[in-house]
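Asker: show me the folded form of this:
(chains A, B and C)
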Amino acid sequence: MPLLSVENLCIGYRTAQGLLKAVEGVNFTLEAGSSLGLVGESGCGKTTIGMALMGLLPPNGRISEGRIVLDGVDLAALSEEELRAVRWRDVAMIFQAAMNALNPVQRVSRQMTEAISTHRPELGKEELLGQVEGLFQLVGLPLARLHDYPHQYSGGMKQRAIIAMALALNPKLIIADEPTTALDVVVQDQILKETKALQDKFHMGIIFISHDISIVAEVCQHIGVMYAGQLVESGSTEQVFYSPRHPYTMALVNSFPTLTGERKELTPIPGEPPNLIGVIPGCRFCDRCPRSEAFCKLEPPSWQEVAAGHRVLCDHC
Amino acid sequence: MRKFILKRLLQVVVILFLILTILFVLFRLAPGDPVSRLVDPNLTPEEADHLIEQMGLKEPIWTQYLMYLKNFASGEFGYSFHYGEPVAKVIWERLPNTVMLFTTAVILAALVGISWGKIAAWKKGRFQDILLTIASLVTHTLFLPWLALLLVWVFAYHMEWFPITGMISDEIWLDPSSGFFGKLVDVAHHMVLPLATLFLIHFGSYLLVMRSSMLETLKEDYILLARAKGLSERAIRNQHAAPNAWLPVVTSVGLSLAFSINGGALTETVFSWPGIGREMVFAVSNNDYPLAQASFLLIAAVVLMANLVVDVLYAYLDPRIRY
Amino acid sequence: MSKLLKASPRLARRHPWQERLAEDWRVFRSSLLGKIGMALLLLFGLMAAGSYIPPLLDPMYHPMTGVDPLVLKSTPPSARHWLGTDFMGRDIFSQLLAGARVAFMVGVSAAFMAVVLGTAVGMTAGYMGRLTETILMRLADMIMVMPTLLIILLLAALFGKLNIWTIVLMIALFRWPGVSRVIRAQTLSLKQRPFIDAARVAGASHFRIIFRHIMPNVLPLAFLYMTFRVTAAIVIEAGLAFLGFGDPGTVSWGMMLQWVWKTGHMFTAPYWLLPPGICISLITLSFYMLGRAMDEVLDPRLREEGQRE
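Answerer: Alright, predicted model coming up:
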């Protein structure tokens, strides 16, 4: 049984203009100890999925259909109270823009111990501090800086503190939402490598959310490409990154420079994603697709399995 | 930190000096005879001469200016016409009454405003929020003296729950048998309505600032992280959101202090509360310029010091600020 | 999410600023506070305009000098005097109407002057920087923490009774610092934009840059601040009048309250005590609500929030 299986997940936001279907019919699974990267441009629903996995959708968002089964438990069906116990203990998160994820008026040590003591109230002050010290060493933060305030940390240190916090309760699943976007390239690379090492060590599942497919390809074993609320291509990193089949994935691969410097012509993708309020009968990418034909606009595309485990939502493949 | 406080204290002194200078110039520009404005016509000629001597009113203008500064620096504020006493004595007697009423009111209003603003933001768009927001909007735009008169009319005149004006009742204070506690209760009894007036006018603005500041804070990533950590809503609200949301409120308390002082003077006047604001209004009505000037300077000094306290408090609440 | 929430691009072919104005007006109208504020202000505007009528009907309805010869004391409302009469038999309703006129006059003119002064100082400080900025901003800080009402009282002690225009001028002179702070911050951020550099390189004078390039961009903000200043000005004038230092030649609402209080009628004549207080409080409230609504129009962050709920 996989660690996580997401089945036919649909999420909608109530807005002044109508119901916005941010995620529609998404399926994927994740084995313990493996990593999946969710890629797509902003607004494609990848962050919404991350939030749904934590049970942290904003007040106007709701899971309208589908299941999120983590280790046999359907998170989508849990009450708020039950979810609160699951958060951080089973699913932890490394935040987008970690710069702002630490509370500026509280010491880092307190923010760390708080994460542990909330779920393990039986621990005493000494034990908590001991655990936090262990975590600091794990991510390579100097112990002397334990009781500092966040503003005294550099960007990289803050990110490490956030990673340490995510590891605090040894969760089964970690969701990393654009964890390194705000850092400079060197620190970014360093932190990605360490994250990978820690994941191997603790054998936890990671869902890595990013707009940058080249970063995801470096860290993750599997990649899911999202477009306008749907998963459009999924498979191993080899398959998706090195032999993409969906026209959108191909465009994505060509629109980012790689970290390791292989020179390619970068092509921006023309056009904008469709408005997700209302019904879209056909393929969502057809307006921007170089291969689109008349019928693409009318009928929803179907999934094609182009290789073992490599699936594409496109009728042309 | 100590360096910062010293620097700010120096600033306060410089500002007071500037105000003194401006007042001196204005005083000279004003129509009429300066001597008659400063020296009570009811004094005996010898007393008047002594006073003229002390203030250097016969000296050339530069000497007068220096003497004027020196007198203020050493606490010689001149002689009140109305009371026939040194101004310093009058205002030092009044100051504690003002501080007692005013500080209690502002602190009470800030505490209530902050805690209710927190609730309003937390329950945004729901019944509690709408009620609190409307109540704050309305109370904080009420015209203060009018509110004071209404309160007196309803609670003192009709209901007779509270005395109409004043701070003490003579029959209790002249009666040697009433102890300290009796006197305390008497003052508290007199203080209820003026306190209520100032409180009602102020809590709304603090509430609205706290509410919007809290709503801003709730959008921050660290609130999301706190929620992701599985903290209870109560802990998120009180330990993560509120301590950050306080900061703009502290600033706004400091900035609105001048406005509050205006209200304080109006309240004291309506309730005949023997404070420094009412004394100043009286002095202006009675053409008692030395008293009016000194009251104003003292109030200005208190406001400046209060702003200094607010800055220090801010630094204490926000670890990012280190002076 | 915000990107997703944006409606598909509009197809309008109007001029950009027309578009902007129409959009602003739409947001403004959708704000309940703005609508209530506007309606109340309209009512006060009607009162102010109507204040010219009663004295034309009968000299006894003149708010200041008209005395009803049959009354000569305070009487409760009647058909002849809708809101009753004051201690010497003057018509309270006519006074109330005249008060609306004074309130608008004081509020708008003082606010306008304060905003002009504050904007000029703020732009100069922000644009010039260095010593000019330090001096101007220290001055602003100093004035900002001073209680305006008490300063004007002290000036009244020096110069005797102040007439209404002196009071307006005083209020403006002491209420500009708040505006100048905001305008300075805005100017500082504008100064960083490329089009200012471009203008400078093209040889535009400081004067031209400030008035042609910076001012149009800070004006909307200045207007927002004007609505808040109006409130402050009305309240300060009313406070002064209430304490007995208003212009003895005008009938303002503060003046009316001073009369009801000083003549000892506040416990016996609610028909006289209530209307002026209600008017001052309501006009303050409506300008405040108007300001809040304009805040929403000018601050796109607040606007988005308003749409989401």
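
Asker: do you know how far residue A:64 is from chain C?
Answerer: As judged by Cβ to the nearest Cβ, to the nearest Å, residue A:64 and chain C stand 17 Å apart. C-betas here are computed from N, CA, C, even on glycine.

Asker: ok, that residue touching residue A:10?
Answerer: Yes: between residue A:64 and residue A:10 there is a contact at 4.8 Å, judged by Cβ atoms under 8 Å.

Asker: buried residues, stretch B:306-319. List them.
Answerer: For stretch B:306-319, burial by neighbour count (16 or more other Cβ atoms under 10 Å in any protein chain shown) applies to B:306-308, B:310-311, B:314-315, B:318-319.

Asker: now that stretch: average pLDDT?
Answerer: For stretch B:306-319, the mean pLDDT works out to 85.

Asker: anything in it near chain C?
Answerer: Yes: counting by Cβ under 8 Å from any Cβ of the partner chain, contacts between stretch B:306-319 and chain C involve residue B:307.

Asker: what residues does the stretch 201-323 of chain B put near chain A?
Answerer: Checking the stretch 201-323 of chain B against chain A by Cβ under 8 Å from any Cβ, the hits are B:220-222, B:224-232, B:235, B:239-240, B:243-244, B:317-320.

Asker: how about the helices in the stretch 151-300 of chain C?
Answerer: For the stretch 151-300 of chain C, helices defined by DSSP state H, counting those that start in this stretch occupy the ranges C:164-175, C:177-191, C:194-201, C:206-208, C:215-242, C:253-262, C:270-298, C:300-308.

Asker: helices or strands up against the fourth one?
Answerer: Helix C:206-208 sits against no helix or strand, with contacts defined as 3 or more Cβ pairs under 8 Å, 6 or more residues apart in numbering or on different chains; DSSP states H and E.

Asker: sort out which residues of it are buried, please.
Answerer: Result for helix C:206-208 [16+ other Cβ under 10 Å]: no buried residues.

Asker: average pLDDT across it?
Answerer: In the prediction, helix C:206-208 has an average pLDDT of 79.

Asker: with residue C:32 as the reference, name the closest of the helices of the stretch 151-300 of chain C.
Answerer: Residue C:32 sits nearest to helix C:270-298 of all those, at 8.5 Å, using Cβ to Cβ.

Asker: just the angle between that closest one and helix C:215-242, please?
Answerer: Per axes from the mean of the first three to the mean of the last three Cα atoms, to 10 degrees, the angle that helix C:270-298 makes with helix C:215-242 is 170 degrees.

Asker: anything in helix C:270-298 near chain A?
Answerer: No: Helix C:270-298 stays clear of chain A (Cβ under 8 Å from any Cβ), getting no nearer than 14.5 Å.

Asker: who are the packing partners of that helix?
Answerer: helix B:127-141, helix B:144-151, helix C:16-30, helix C:32-50, helix C:92-128, helix C:215-242, helix C:253-262, helix C:300-308.

Asker: which of these sits closest to chain A?
Answerer: Across these, the minimum distance to chain A, taken as Cβ to the nearest Cβ, is reached by helix C:300-308, at 4.8 Å.

Asker: picking up where we left off before, looking at the helices of the stretch 151-300 of chain C, which is buried most?
Answerer: helix C:253-262 (a mean of 24; mean count of other Cβ atoms under 10 Å in any protein chain shown).

Asker: same list, the helices of the stretch 151-300 of chain C, but as a markdown table with distance to residue A:32 please.
Answerer: Below are those laid out as a markdown table (distance: least, Cβ to Cβ, whole Å):
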| stretch | distance to residue A:32 |
| --- | --- |
| helix C:164-175 | 66 |
| helix C:177-191 | 50 |
| helix C:194-201 | 53 |
| helix C:206-208 | 67 |
| helix C:215-242 | 56 |
| helix C:253-262 | 75 |
| helix C:270-298 | 49 |
| helix C:300-308 | 38 |
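
Asker: coming back round to it: and the buried residues of stretch B:306-319, which is closest to chain A?
Answerer: residue B:319 (4.3 Å).

Asker: can you give me the neighbour number for the closest residue to the closest one other than its chain neighbours?
Answerer: Nearest non-adjacent residue to residue B:319, counting by Cβ to Cβ, 6 or more residues apart in numbering or on different chains: residue A:149, 4.3 Å away. Counted with other Cβ atoms under 10 Å in any protein chain shown, residues neighbouring residue A:149 total 18.

Asker: so what's the closest residue to residue C:81 other than its chain neighbours up against?
Answerer: In space, and not counting its chain neighbours, residue C:81 is closest to residue C:91: 5.1 Å by Cβ to Cβ, 6+ apart. Taking Cβ atoms under 8 Å, 6 or more residues apart in numbering or on different chains as the criterion, residue C:91 is in contact with C:54, C:60-61, C:63, C:66, C:68, C:81, C:83, C:85.

Asker: which one of those residues has the most neighbours?
Answerer: residue C:85 (29 neighbours).

Asker: state the helix or strand in which residue A:25 lies.
Answerer: strand A:18-30 (DSSP states H and E).

Asker: buried residues in the helix or strand hosting residue C:54, which are they?
Answerer: With secondary structure defined by DSSP H and E, residue C:54 is part of helix C:53-57. Neighbour counts over helix C:53-57 (16+ other Cβ under 10 Å) mark C:54-55 as buried.

Asker: what's the answer for stretch B:130-142, then?
Answerer: Buried residues in stretch B:130-142 (16+ other Cβ under 10 Å): B:132-133, B:135-137, B:139-142.

Asker: show me which of these neighbour chain C.
Answerer: Okay, of the buried residues of stretch B:130-142 touching chain C (Cβ under 8 Å from any Cβ), that's B:137, B:141-142.

Asker: Serialize those to a markdown table and add fields for pLDDT.
Answerer: Listed next are these as a markdown table, based on pLDDT from 0 to 100:
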| residue | pLDDT |
| --- | --- |
| B:137 | 90 |
| B:141 | 90 |
| B:142 | 93 |
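
Asker: show me what contacts the residue nearest the centre of chain C?
Answerer: Nearest to the geometric centre of chain C sits residue C:230, at 1.1 Å (Cα atoms, centre = their mean). Residue C:230 makes contact with C:107-108, C:110-111, C:287 under the criterion Cβ under 8 Å, 6+ apart.
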